[in-house]
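Student: this is a predicted model, with the sequence first.
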Amino acid sequence: MTTLITNIKELLQVRETSISKVSGAEMAILPTIKNAFLLIKDSLIEDFGSMENLAKIKADTIIDATERIVFPSWCDSHTHIVYAGNREQEFVDRINGFSYEEIANRGGGILNSAKKLNETSEEEIYEQSKLRLEEVMHLGTGAVEIKSGYGLTVEGELKMLRVIKKLAENYPITIKATFLGAHAFPIHYKENKKGYIDEIITKMLPEIAKNKLADFIDVFCESGYFSVDETEQIIEAGIQFGLKPKIHVNQFNSIGGVQAGIKFKALSVDHLEIMTSEDIDALKDSETMPVALPSCSYFLSIPYTPARNIIQAGLPLALASDFNPGSTPSGNMNFVVATACIKMKMTPEEAINAATINGAYAMGISKTHGSITKGKKANLILTKPISSYYQIPYAFGSNLIETVFIEGKILS
């Protein structure tokens, strides 16, 4: 099956040679071809180039992309799409002056979601979650990481991971699963933190490894949640069970979580709303990807990740949605990219790089996703007629997507 897209106004994120990520000043460079074509064969990118170099090609389908832009689909490396119910009341509580921490201390927040999840059947959680997955696919996301972490019990966490696995089996989008049992301490373990950590290490991890339910392990390393020492203990155990670390760090405080992630060669450290010069310096000689979640900052009215400081230090940066019921009930990566430009002063080129090739790196899939490169997955966004790609973040409230391709097929 071949599809030929012709007369593309501009083809973005063109990489003749596959790269893993872009860093520092390179993030401002977005290679493009104007008046381009792109050939898809089955699920992969077969060829691309300037229209003037297009030889006669027989294709099963030909799409005229006049005045339209084509670029790789978004790679969303940090989400919590699998959950039960919602936390609308907490949204109103915050409007009425309660902080995120105050809501959590009243039994809200993560513990609220955990209660709902454990009361909801696996089938119902799947039905709710698949609607969210379908929504983000139609918004241009072509690869997504999904975390557990709203179970906080052996069965609850396994139930979430089974739902993630089922989604991966039933949908063409690439899905990576992350075990986040260390998202918060359950109420009945509040005075026995060691007991819950032992449960994660001795009961949850063996079952997850035996059933191959996760790719990564994550910990919410933050004041009031998991300390640096506790984080390191859990990460070390996860590594022994074959899971690569990704860590929630520096959302409200800088307590050494970035350094812990680097120590254990974490694939990414995510949130980073509060960053010290020591945190930035620590990342300089590492392979760990910093990940910003700007729509979380938007929704909670907390500081934004200091993107300019990170990029000016020569570091890479990825963007992700943090789609979850409490702090970011949206998986719209178009809004994430726009918010990064508007609030974090990233250029459109930097933001698109951060949400494509660097997002792929933060999921461990940069060999197959994140750029227009021969042999990579034909996961693509075809825009409506637009003046330039600057319109994507500029018209932040508009849906400028006309067609999404996943694995070479048009998403209906």
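Tutor: Received the coordinates, thanks. Predicted, not measured: the structure shown is a model, and the values here were computed from it.

Student: what about stretch 333-353, start to end distance?
Tutor: Stretch 333-353 has an end-to-end distance of 13 Å (criterion: CA to CA, to the nearest Å).

Student: now it: average pLDDT?
Tutor: Averaged over stretch 333-353, pLDDT sits at 98.

Student: in that stretch, which residues are buried?
Tutor: 333-344, 346-353 (16 or more other CB atoms under 10 Å). Backbone N, C-alpha and C define where each C-beta goes, glycine included.

Student: chain center to that stretch: distance?
Tutor: 14 Å (CA atoms, centre = their mean, to the nearest Å).

Student: check the secondary structure at Asn309 for me.
Tutor: helix (DSSP: H, G, I helix; E, B strand; the rest coil).

Student: what about it, neighbour count?
Tutor: 13 (other CB atoms under 10 Å).

Student: ok, the nearest residue to it once chain neighbours are set aside - contacts?
Tutor: Distances taken as CB to CB, 6 or more residues apart in numbering put Ile280 closest to Asn309, at 6.2 Å, once the chain neighbours are dropped. Contacts here follow CB atoms under 8 Å, 6 or more residues apart in numbering; on that basis Ile280 touches Asn309, Ile310, Ala313, Leu315.

Student: repeat that with 7 Å
Tutor: By CB atoms under 7 Å, 6 or more residues apart in numbering, the contact list for Ile280 reads Asn309, Ile310, Ala313.

Student: wait, is Cys350 part of a helix?
Tutor: Just so we're on the same page, residue 350 is Glu rather than Cys. Yes - applying three-state DSSP, one finds Glu350 inside a helix.

Student: wait, Arg87 sits on Ile110?
Tutor: No - look at Arg87 against Ile110 with CB atoms under 7 Å: they stay out of range, at 9.8 Å.

Student: which neighbours do those two share?
Tutor: Common neighbours of Arg87 and Ile110 (CB under 7 Å, 6+ apart) are Gly326.

Student: where do the strands sit along the stretch 101-250 of the chain?
Tutor: Taking DSSP state E, counting those that start in this stretch, the strands of the stretch 101-250 of the chain run over residues 141-147, 174-182, 216-221, 244-249.

Student: secondary structure class for the closest residue to Arg106 other than its chain neighbours?
Tutor: With sequence-adjacent residues excluded and distances taken as CB to CB, 6+ apart, Arg106 is closest to Phe98, at 7.8 Å. For Phe98, the assignment made with three-state DSSP gives coil.

Student: please state the backbone phi and psi of the spatially most central residue of the chain?
Tutor: Centroid check for the chain by CA atoms, centre = their mean gives Ser77 as the closest residue, at 2.2 Å. Backbone torsions for Ser77, taken as degrees, to the nearest 10, come to phi -90, psi 10.
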